[in-house]
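Asks: Let's see this in three dimensions:
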Amino acid sequence: MSLADLQDGRCRSAGYPPTYAVRPLAEQVAILGRCFPELVSHSRASLSNCSTDALHPGSEGWFVIPKQEVVAGCYEDAVTLVLTLLSARRPVRNWRRDRIKSGSLRPVQEATRALAHISSRQNGPFLVFPAQFGRRFKQFKPKEARRSIGKREFCLGAFAIGCMLITHQERLSSDNHLWIDCPGDEYSPEPSMHHYKVPFFGLANSLLNFDFCANDIGGTQSGSATAFVP
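Replies: Modelled structure (predicted):
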């Protein structure tokens with residue numbers, strides 16, 4: 001049975017768990033600090049120079065993730081590291097474990113620019129931004145979500161969403177919870193080919209799954225995660 005078959009059999013009322021709530025920034029940093037202990041001593045700089053007063057109406061709260069470049073030299077390695085960290089906390093199946101190679105998985109240009117802009121204004125090894133975990137674009141195909149984002153909004157990729165799942169494990173804790181598309185990334189099995197797929201996270205049979213789908217399919221049981229430039 002494929003992961004697509006598992007998704008097709010899920011309840012159409014997929015949504016958020018009642019226990020899900022965005023944690024305070026300090027609590028998120030503490031959780032990430034257990035995964036990236038070398039970054040903890042610098043966390044104060046990341047939190048001290050960002051204002052969290054004005055929350056964008058499309059977001060669910062403020063999230064913290066490490067800056068990708070401080071945890072791994074290339075994006076594919078950063079995603080692989082986060083998947084490894086997730087698997088240390090819960091059962092994970094990476095359906096493309098041997099297919100993530102140099103040049104095959106990359107952030108879209110708009111996400112790269114947005115994260116670089118946030119990083120330039122925030123000191124320290126962490127990024128802080130308002131985001132939403134998929135419900136805003138529930139049942140949108142990833143390609144549609146990319147076209148529908150609002151002003152100062154950008155799509156999130158597997159690295160950011162994986163880090164958010166480390167700090168908010170309950171977001172995907174039952175098979176009927178909304179799966180999460182990652183339209184901030186694009187993937188191709190071969191780096192020289194057109195990058196037409198996007199990663200996604202989903203829970204099936206109590207197992208957290210990571211896989212890729214074409215950017216113009218799916219969406220019936222999932223939603224695209226996005227963030228906003230503060």
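
Asks: From here on, just use CA atoms for contacts and neighbour counts.
Replies: Will do.

Asks: ok, residue 159 - contacts?
Replies: 68, 75, 78, 79, 82 (CA atoms under 8 Å, 6 or more residues apart in numbering).

Asks: secondary structure element for residue 62?
Replies: Using DSSP states H and E, residue 62 falls within strand 61-66.

Asks: quick one: buried residues of the next helix or strand after that strand?
Replies: Using DSSP H and E, the helix or strand that follows strand 61-66 in sequence is helix 68-71. Of the residues in helix 68-71, 68, 71 count as buried by neighbour count, 16 or more other CA atoms under 10 Å.

Asks: Averaged pLDDT, helix 68-71. What do you get?
Replies: Mean pLDDT, computed over helix 68-71, is 94.

Asks: and it, what other elements does it pack with?
Replies: Applying 3 or more CA pairs under 8 Å, 6 or more residues apart in numbering; DSSP states H and E, one finds that helix 68-71 makes contact with helix 75-89.

Asks: rerun at 10 Å
Replies: If you count contacts as 3 or more CA pairs under 10 Å, 6 or more residues apart in numbering; DSSP states H and E, helix 68-71 packs onto helix 75-89, strand 126-132.

Asks: quick one, the shortest one and strand 61-66 angle?
Replies: When you say that, I think you mean strand 126-132. Here the directions of strand 126-132 and strand 61-66 differ by 140 degrees (axes from the mean of the first three to the mean of the last three CA atoms, to 10 degrees).

Asks: Please name the strands paired to strand 126-132 in the sheet, noting orientation.
Replies: strand 61-66 (antiparallel), strand 226-228 (antiparallel) (DSSP bridges).

Asks: which outside residues touch the following helix or strand past that strand?
Replies: Reading on from strand 126-132 to the C-terminus, the next helix or strand found by DSSP H and E is helix 142-148. Outside helix 142-148, the residues within contact range by CA atoms under 10 Å, 6 or more residues apart in numbering are 110, 136-140, 153-155, 181-184, 196-200, 213-219, 222-226.

Asks: any idea of the pLDDT on the residue positioned nearest the centre of the chain?
Replies: For the chain, residue 161 is the residue whose C-alpha lies nearest the centre (CA atoms, centre = their mean; 1.4 Å). Looking at residue 161, its pLDDT reads 98.

Asks: Is there a neighbour count for residue 95? I'd like the number.
Replies: 13 (other CA atoms under 10 Å).

Asks: if I look at it, how far off is residue 146?
Replies: Residue 95 sits at a distance of 24 Å from residue 146 (criterion: CA to CA, to the nearest Å).

Asks: which residues of this structure score low on pLDDT?
Replies: 1-13, 42-53, 190-196, 218-219 (pLDDT under 70).

Asks: Would you map the helices across it?
Replies: 3-8, 25-35, 43-48, 68-71, 75-89, 109-121, 142-148, 158-167 (DSSP state H).

Asks: what are the C-alpha coordinates of the fourth one, in PDB please?
Replies: Yep, that's helix 68-71 we're talking about. Written as PDB, here are the backbone C-alpha positions of helix 68-71 (Å, rounded to 0.1, in the frame of the first residue of the first chain):
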ATOM      1  CA  GLN A  68      19.200  26.700   8.400                       C
ATOM      2  CA  GLU A  69      22.700  27.700   7.600                       C
ATOM      3  CA  VAL A  70      23.800  27.300  11.300                       C
ATOM      4  CA  VAL A  71      22.700  23.700  11.500                       C
END
